[in-house]
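Chemist: Quick check, what structure comes out for this input:
(chains A and B)
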Amino acid sequence: MDTTAPAAVLLPAVAEGNISAFEQLYDRYSSTVYALLLRILSNADDAQEVLQETFVKAWTSAKMFDAVRGSEVAWLISIARSRGIDRIRSRKIRLEREDEAGRDISIRGSLVETTTGADSAIQSEERTAVRGALAELPGPQRIALELAYFEGLSQSEIAARLNEPLGTIKTRMQLGMKKLRERLQAYQ
Amino acid sequence: MTHEHYQSIAALDVLGVASGGDAAALRLHLTACIPCRRARDEYARVTTMFALALDPVDPPPGMRDRVRSCINMPSRRLNIWGPTSGATAATAATLLVAFLGWRALTEHDAGQRAQIESLQTQNAQLAQRADKLASELSALASAGTRTIALSGQEVAPAASARVFLEPERRRALVFFYDLPPNDGNKSYQLWIIRADQPKPVSAGVFDVTAAGTASLSVENLPVATEIKALAVTLEPKGGVDQPTNTRFYVAGNADM
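Modeler: Have a look, this model is predicted:
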């Protein structure tokens, strides 16, 4: 896998219909996107479906990518996260309705395959910095942010989950995001 | 509201947790404020970091070919213009045939007058349909149109739908794909789950073609921010007031 080419060199070619560039895009970022989808969906089958949707979307919408607003991987992550959260929410609607009907709920297995050592587009130095920044956040701030990012919960849902006042959650999230922004500016 | 306040909203907006009013105010502000727009983009990059902090996981070996094969196929789902343009062309062709037919019939005797009138009626209907299609095409092309994807559920995992919502006109066009054809005594029914009401609201009833496709035009929608989700069930022919079962065929969150 090529991790050395500069950022934002593939999507313009993908937008022109260059399949080789698309394959490089997949090779470069699929492990990052797949890890995110496994984290969001906790289900390998769902993660693979959404991974496929994400890259098909990248193929059809590559011309929408704006390098000024962020990197290629950030764009892919944004698509994948949005679709992953959609999948969770549609699952939730189904479960709520089944709950109301007093039915048994059957969802597919939630075994998450976690492997290490997979190739990555992200320099290990950057990953270390990101993890360091997240680790420096006070636990309650990090948890609130992770519930929003990985589970797509609203502020009120997070407040209910953590049994905290809504205002407290809002403040925690704003403070946490502000700290992360300051801490990570060197890597953006 | 100060720039600092807007940037605090931006920090929540990139996570999708800003309130509807705050998010709307922010979007308006961002159209004219470069520093706040930059701050919002920086916050968006911060959220990316949550994903980048995860250990990468290689997808299964077959995934690459699976994805590759998808982009080799003409994508029916994504090419909404193809079928719709085809329908317009078909309508135009039908209009032409009907018109030529009408001319031919005028040369015959008065006994064929009824047929002429029938064709005139068809002409009018087709013209109305052409107008409707033009209006729908215009809606799809509108800058304010929002798209909502509905994904297949357990009973129809391959099914999907795409909703093109015009918030200002409170109407939507919905295109369904790969739904199992319904029996003659059943209809599919689209439901809107509203944030402000406990019970779902029917948005229309439809049948699918043998190919599993259908489209539905929905008028008089609730205000967009009140639409929490959309889902489809299979119901008795003609539809019902409330869903009779919880087997969703396609569903998705509106995420307004």
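
Chemist: hey, let's count contacts and neighbours off CA atoms from now on
Modeler: Fine.

Chemist: Could you find the residue nearest the spatial middle of chain A?
Modeler: By Cα atoms, centre = their mean, the mean C-alpha position of chain A lies nearest to A:Arg81, the distance being 4.0 Å.

Chemist: Now for that one: which residues touch it?
Modeler: The contact partners of A:Arg81, taken as Cα atoms under 8 Å, 6 or more residues apart in numbering or on different chains, are A:Leu36, A:Leu37, A:Ile40, A:Phe150.

Chemist: Would you mind listing where chain A has pLDDT under the threshold?
Modeler: Residue ranges of chain A with pLDDT under 70: A:1-8, A:93-123, A:186-188.

Chemist: What are the boundaries of the helices in it?
Modeler: Under the criterion DSSP state H, helices of chain A are mapped to A:11-15, A:19-41, A:44-61, A:72-100, A:124-136, A:139-151, A:155-162, A:166-184.

Chemist: before we move on, the earlier item: which among the contacts of A:Arg81 count as buried?
Modeler: Listed as buried from the contacts of A:Arg81 are A:Leu36, A:Leu37, A:Ile40, A:Phe150; burial here means 16 or more other Cα atoms under 10 Å in any protein chain shown.

Chemist: As a markdown table, these with distance to chain B would be great.
Modeler: Formatted as a markdown table, the buried ones among the contacts of A:Arg81 follow (distance: Cα to the nearest Cα, whole Å):
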| residue | distance to chain B |
| --- | --- |
| A:Leu36 | 6 |
| A:Leu37 | 9 |
| A:Ile40 | 10 |
| A:Phe150 | 8 |
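
Chemist: Out of these, which is nearest to B:Glu168?
Modeler: For these, the minimum distance to B:Glu168 (Cα to Cα) is 31.4 Å, reached by A:Phe150.

Chemist: so who does the closest residue to the closest one other than its chain neighbours touch?
Modeler: Distance criterion Cα to Cα, 6 or more residues apart in numbering or on different chains; nearest residue to A:Phe150, sequence neighbours excluded, is A:Ile40 at 5.1 Å. Taking Cα under 8 Å, 6+ apart, we find A:Ile40 in contact with A:Arg81, A:Gly84, A:Ile85, A:Ile88, A:Phe150, A:Glu151.

Chemist: low-confidence ranges in chain B?
Modeler: Low-confidence segments of chain B (pLDDT under 70): B:73-113, B:121, B:125, B:127-143, B:225, B:255-256.

Chemist: which parts of it sit against chain A?
Modeler: B:8, B:11-12, B:15-17, B:41-43, B:45-59, B:63-64, B:66-68, B:70-71, B:78, B:151, B:246-248, B:251-253 (Cα under 8 Å from any Cα of the partner chain).

Chemist: Among those residues, name the buried ones.
Modeler: Buried by 16+ other Cα under 10 Å: B:8, B:11-12, B:15-17, B:41-43, B:45-59, B:63-64, B:67-68, B:71, B:151, B:246-248, B:251-253, out of the residues of chain B next to chain A.

Chemist: Mind checking which of those are in helices?
Modeler: Filtering these for helices - DSSP H - leaves B:8, B:11-12, B:41-43, B:45-52, B:63-64, B:67-68, B:71.

Chemist: Pull the residues that contact stretch B:149-167.
Modeler: A:87, A:90, B:139-140, B:142, B:144-148, B:171-180, B:223-224, B:230-231, B:247-253.

Chemist: just stretch A:133-148 next, same as before
Modeler: A:153-155, A:158, A:169, A:172-173, A:175-177, A:179-180, A:183-184, B:15-17, B:50.

Chemist: give the contact list for the closest residue to chain A within the stretch 151-256 of chain B.
Modeler: Residue nearest to chain A within the stretch 151-256 of chain B: B:Gly252 (5.0 Å; Cα to the nearest Cα). Counting by Cα under 8 Å, 6+ apart, B:Gly252 touches A:Asp86, A:Arg87, A:Arg89, A:Ser90, B:Ile148, B:Ala149, B:Leu150, B:Ser151, B:Ala229, B:Leu230, B:Ala231.

Chemist: can you check B:Ile71 too?
Modeler: B:Ile71 neighbours (Cα under 8 Å, 6+ apart): A:Val56, A:Trp59.

Chemist: count of neighbours near the closest residue to B:Leu52 other than its chain neighbours?
Modeler: Spatially, and ignoring its direct neighbours in sequence, B:Leu52 is nearest to A:Arg127 (6.5 Å; Cα to Cα, 6+ apart). For A:Arg127, the neighbour count with other Cα atoms under 10 Å in any protein chain shown is 19.

Chemist: Wait, A:Arg127 touches B:Ala53, no?
Modeler: Yes: in this structure, A:Arg127 is within contact of B:Ala53 by Cα atoms under 8 Å, at 5.4 Å.

Chemist: tell me which element B:Val174 falls in.
Modeler: Here B:Val174 sits within strand B:171-177, counting by DSSP states H and E.
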